[in-house]
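In: Quick check, what structure comes out for this input:
(one chain, ligands or ions: 1)
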Amino acid sequence: NKLDIVQTILKNWQGFFIPYEMALNEIKSDFQIVDLEWRTKYGYSPIEHLKTRMKTIPSLVEKVEHKQVPFTQEAIQANIFDIAGVRIVTSFIDDVYMLKDHIEQRDDSRILKVKDYIQNPKASGYKSLHLVIETKIITSNDILWIPAEIQIRTSAMDFWASTEHKLNYKYHGDTIPKEAKQQLVELSKASYQLDEQMSLLRNQLLSNPS
Ligand code: 0O2
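Out: Next comes the predicted model:
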């Protein structure tokens with residue numbers, strides 16, 4: 001059962017998670033460099049904040065079962081790409097895509113998959129740009145390419161997602177009432193209007209700075 005699997009992983013799989021820890025350290029440090037560079041060069045950085053997370057073992061077990069992936073380290077490595085997760089929050093929508101372009105241009109990362117939930121929001125109203133990438137890790141005697149999922153979104157999208165997550169958590173295992181779901185979709189649209197208006201204002205100020 002699930003609890004046994006979680007306990008087996010906890011006991012015997014410590015080494016399995018190490019490359020993912022390395023990937024998180026690498027990506028975090030890459031973006032800290034970019035942030036510092038932009039701040040010094042332009043006095044402004046597109047990165048509002050950045051968070052890393054390792055997928056929890058219960059969440060990993062749930063996903064492995066849901067995707068019907070065999071419970072072996074090799075199968076999980078080959079099929080689950082969000083064990084290492086990074087979330088980058090920006091102020092403006094344009095910055096989301098600027099960061100995507102930046103990742104695309106780096107020699108130490110490869111984009112495997114783009115899931116654009118800004119252009120195509122989820123039915124829940126969720127908006128974010130998800131990039132499944134591989135990042136290059138140089139160890140003392142090897143070069144590894146480790147998968148990670150980078151979620152990039154604006155502060156408004158992040159506010160909606162974290163609040164919706166909290167509201168849904170209350171209903172875990174149960175379905176949230178239909179009217180509440182509809183309200184959340186409306187709130188997502190409202191928060192997107194904030195993003196669009198902020199972008200408009202920014203463009204006006206950039207084209208007419210005086
Ligand atoms: P955690 O932190 O991983 O335990 P795929 O990987 O493409 O086969 P998956 O995993 O459904 O399928 O990918 P998706 O939907 O691109 O990304 C899942 C993650 O996106 C979630 O992580 C959330 O962080 C976020 N997300 C997706 N939909 C919603 C939503 O409706 N509301 C909120 N608040 N977040 C969402 P996990 O797997 O749930 O958590």
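In: Could I get the average pLDDT for stretch 191-198?
Out: For stretch 191-198, the mean per-residue pLDDT is 97.
In: near the ligand, anything from it?
Out: No: counting by Cβ under 6 Å from any ligand atom, the ligand is not contacted by stretch 191-198; separation bottoms out at 12.4 Å. (Glycine included, C-beta is placed from N, CA and C.)
In: now do stretch 151-167
Out: Yes: residues of stretch 151-167 contacting the ligand under Cβ under 6 Å from any ligand atom: 161, 164-165.
In: Number of residues surrounding the residue nearest to L129 when sequence neighbours are not counted?
Out: Among residues not flanking L129 along the chain, I152 sits closest, at 4.6 Å (Cβ to Cβ, 6 or more residues apart in numbering). Using other Cβ atoms under 10 Å, I152 has 26 neighbouring residues.
In: Which residues are in contact with I152?
Out: 87-90, 96, 99-100, 128-129, 131 (Cβ atoms under 8 Å, 6 or more residues apart in numbering).
In: Export the residues you listed as JSON lines, with columns for pLDDT.
Out: Shown next, in JSON lines, are the contacts of I152 (pLDDT from 0 to 100):
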{"residue": "R87", "pLDDT": "98"}
{"residue": "I88", "pLDDT": "98"}
{"residue": "V89", "pLDDT": "98"}
{"residue": "T90", "pLDDT": "97"}
{"residue": "V96", "pLDDT": "98"}
{"residue": "L99", "pLDDT": "97"}
{"residue": "K100", "pLDDT": "98"}
{"residue": "S128", "pLDDT": "98"}
{"residue": "L129", "pLDDT": "98"}
{"residue": "L131", "pLDDT": "98"}
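In: Go through those and flag which are in helices.
Out: Of the contacts of I152, the ones assigned to helices by DSSP state H are 96, 99-100.
In: who wins for neighbours among the residues you listed?
Out: Within those, most neighbours by other Cβ under 10 Å means V96, with 24 neighbours.
In: On the three-state scheme, the residue nearest the centre of the chain is what?
Out: Averaging the C-alpha coordinates of the chain gives a centre point, and the residue nearest to it by Cα atoms, centre = their mean is Q151 (2.3 Å). At Q151 the chain is in strand, as set by DSSP: H, G, I helix; E, B strand; the rest coil.
In: likewise T135?
Out: Secondary structure, three-state DSSP: T135 is strand.
In: Which pLDDT value belongs to L201?
Out: Value for L201, per-residue pLDDT: 95.
In: What's the local residue count around it?
Out: The burial count for L201: 11, using other Cβ under 10 Å.
In: gap between it and F92?
Out: Computed as Cβ to Cβ, to the nearest Å, the L201 to F92 distance reads 10 Å.
In: Alright, calling it a day.
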